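>>> Generate a structure from the sequence data that follows.
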Amino acid sequence: MSEEKFEKNRKLQIICLVFLAAIYLTPFIARHGYIVVGELSFTILIIPVALITIRMGLPAGLFSGACFGLSSMIAAYGPNATGMDELFRNPGLAILPRLLIPVVIWFVFRCVRRIADDHTLSARLICGGFATLCGVVANTVFVIFTLVIFFPEEIGATDSISANALIISSILGKNLLIETLISVSVVCIYILVREKVLRKNVPEENEAPAIRKTFQKWLLFCSVVTFLITLNFLHHIISFEDIGYYQELLTERAEDILHLAEVSSDGVRNSDLEIGKTGIGFLLKNSIVIHSNEEEYIGKRLIELDVLSFGSDGEITYSTFDGASGQSILKSRGDYSVILFIPHSEILRKKNRMSAFMLSGLLILFTIIYLIVSKMVKHGVVEKIETINASLSRIREGNLEETVDVKGNAEFEELSTGINTTVETLKNTMDEITERNRQEKEFARAVQYAALPDPKTVRPQNGEYDVAASMNTAEEVGGDFYDFYKLDDGRLGFVIADVSGKGIPAALFMMTSKTLLRDLIRNGKDPAEAMVIANNQLSENNEQGMFVTAWLGILDLEKEEIIFSNAGHNPPLLVRNGEEPIYMDHKKYKRSLILGFMPGTAYQNDRITFSKGDMLYLYTDGVTEAKSPDGEFYGEERLKKVIDSGRSLEIQEVLRAVQKDMDGFVGKADQFDDITMLVLRR
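Below you'll find the model as predicted:
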């Protein structure tokens, strides 16, 4: 990201955070961020905290969490605040738990992305949704835990109902369920919309998802969903059993009290109306309370009791008494009526404790199952696939001796066998192709060498000149060539050339060039004319862009001269009798462009005298550009010294002396280019 773009993005984030703070701290939003529907009470203010933490990071998330806490304080001072709401006027309760929410969301989001993000939309939804889920649960846990510490009496954290039970009850309650569904849905919708919008402007990633992370993604998703469904299912089963037990208890106790009252109302004691530890009962005669385990209600009429509703006679119904919700029964017989009420906190006391053990047990169980399944799949599938991919990578790099040996189940063994069989077949096919190519190249090499002239066919009987040449190709066939031939008038035509490239294409281009130049010289063309015509013909249909450097000369014994033309070739060494060898470079002698490069190129002739005792040494760049193991070039000066020291040798010995000196210089280094030499002496 550029500095300007980064600065612009940072300013945009600051603007968004300031706007968020303004919304959070508005009294209207603070009050209505907490939604109350009947018994349900939940907040939606955690949604911006989750979105900002996921989108902008932990610092911005902490800022939004602080705003969430301040919003709770504002709502606690509102006119509609109840006794429980007023507790949030304490900053330790309102702000501290909310600062921990973005920490949880940020940590969970990073951890889940590391193990399950396979760069797909579903992975982003799972990572964001799971982090938001943990944030909502963390909000409830931290708030309840803080309430237990600061206000244990106000929330009923007595001996009968432990703090753990309160936390479990809150986690498994309908409030948290609805809050979680809303928060996770909004975050996932935001991620989905954002991805759809970005995909219009950003090219899709071509990287294929890793199977390990894809598996971890869906394993995490299935584990969490199964855990939540199982937990809620068992929780509601326990609730159903507990409610059923107390409903039977209420019915039986009401029957027993009425039976005692019919015998004698004085036979009913106030303690007989106790239901559990927190329940309350009333025995009424003609709608007036005559007995109750709460003596303050004795003597009151039925309409004075703070019970909102009853069902029909003998029916268990939902009621509230003194602000607490629970189950109640009204049963009448004659002048007597019995009202029994037991709060839900009493009914669900056993359930909350069991749920605490159930939540801990299920959490541990599903974590163990997740780790075991993940480990099994990693060991049984992912590691085997990675082993196969590693072997295939080495095979792609050219190591056909690599074998795939993955065992453990029939599918991987069959896959390993199939790969090994394919590689073995490929090796055999490549060996066959290599052998066929070798044979073809050997044949081409034989044809190429057979096309080279024999010095014996051009040497005159009077021995007025001698010629010798050698060619050592870097591959089976090469692109260098030499040629010499007698003309009808007794002159000697000779050429040395170097074609670009190596191998079969260079050899074919070489044969074409060699034939063209020989035919043109034999048809009476001088070297420059031959070069012009050959260049034009070689340039035609030269789609491969090949070219050839050439030095073409004609020795005229009568005139004691050599007429020649140079098409971009290395300067020969001229060794005159009794003088030091000199290079015939372009500073003194004409040199034109290479053949086959540009049609219409002009070439010029040049002449030198060639008297008795003179020697001309021609070569290709494979001689001077030969490299030692240290990367040093053989060079022109070294070549010049060898030619100077071997001027008295036979011309065949001159070629051997150069080759021997080169071999000693190069050592064990590979030959990089074709090496071709031609020596002409009078």
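>>> contacts and neighbour counts: CA atoms only from here.
Will do.
>>> For Y336, see how far away Q247 is.
According to C-alpha to C-alpha, to the nearest Å, Q247 and Y336 sit 21 Å apart.
>>> could you dump stretch 641-654 to CSV, C-alpha only?
Taking Å, rounded to 0.1, in the frame of the first residue of the first chain, the C-alpha atoms of stretch 641-654 are listed here in CSV:
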residue,chain,number,x,y,z
LYS,A,641,51.4,-17.2,-29.2
VAL,A,642,50.6,-20.8,-30.0
ILE,A,643,50.5,-20.1,-33.8
ASP,A,644,53.7,-18.1,-33.6
SER,A,645,55.5,-21.0,-31.8
GLY,A,646,54.2,-23.5,-34.3
ARG,A,647,55.0,-21.7,-37.5
SER,A,648,57.7,-24.3,-38.4
LEU,A,649,55.3,-27.3,-37.9
GLU,A,650,53.4,-29.1,-40.5
ILE,A,651,49.9,-27.6,-40.8
GLN,A,652,48.3,-30.7,-39.3
GLU,A,653,50.6,-30.3,-36.4
VAL,A,654,49.6,-26.6,-36.1
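>>> got a list of contacts for it?
466-469, 575, 580-581, 657-658, 661, 679-681 (C-alpha atoms under 8 Å, 6 or more residues apart in numbering).
>>> Which ones among these map onto strands?
Applying DSSP state E to these, the entries found in strands are 466-469, 575, 679-681.
>>> what's the closest of those residues to F150?
Using C-alpha to C-alpha, A469 comes nearest to F150 of the ones in strands among the contacts of stretch 641-654, at 105.9 Å.
>>> tell me the phi and psi of the closest residue to A506 other than its chain neighbours?
The spatially closest residue to A506, leaving aside those adjacent along the chain, is G479, at 4.6 Å (C-alpha to C-alpha, 6 or more residues apart in numbering). Note on G479: its backbone torsions stand at phi -110, psi -10 [degrees, to the nearest 10].
>>> Now for G479: which residues touch it?
Contacts of G479 (C-alpha under 8 Å, 6+ apart): 473, 498-503, 506-507, 509-510, 674.
>>> Which helix or strand lies directly C-terminal to the helix or strand harbouring L371?
Element membership for L371 (DSSP states H and E) is helix 349-377. Later in the chain than helix 349-377, the nearest helix or strand by DSSP H and E is helix 383-396.
>>> where does the stretch 151-300 of the chain have low pLDDT?
152-174, 198-211, 235-243, 265 (pLDDT under 70).
>>> same thing but at 50, please
159-161, 202-203 (pLDDT under 50).
>>> coming back round to it: out of the contacts of stretch 641-654, the closest to F366 would be?
Closest to F366, out of all of the contacts of stretch 641-654 and judged by C-alpha to C-alpha, is D661, at 78.8 Å.
>>> mind checking how far that closest one is from K213?
63 Å.
>>> Over to A497?
Going from A497 to K213 by C-alpha to C-alpha gives 61 Å.
>>> quick one: which of these two has more around it?
A497 (28 against 20; other C-alpha atoms under 10 Å).
>>> What is the neighbour count of T512?
Neighbour tally, T512, other C-alpha under 10 Å: 14.
>>> and it, helix, strand or coil?
helix (DSSP: H, G, I helix; E, B strand; the rest coil).
>>> again, but for G493
Under three-state DSSP, G493 comes out as strand.
>>> give the contact list for the residue lying closest to it once chain neighbours are set aside.
Among residues not flanking G493 along the chain, I554 sits closest, at 4.4 Å (C-alpha to C-alpha, 6+ apart). By C-alpha under 8 Å, 6+ apart, I554 lies in contact with 491-494, 527, 562-564.
>>> For those, I'd like a selection string for ChimeraX - just the buried members, please.
To isolate the buried ones among the contacts of I554 in ChimeraX, judged by 16 or more other C-alpha atoms under 10 Å, type:
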select :492,493,494,527,562,563,564
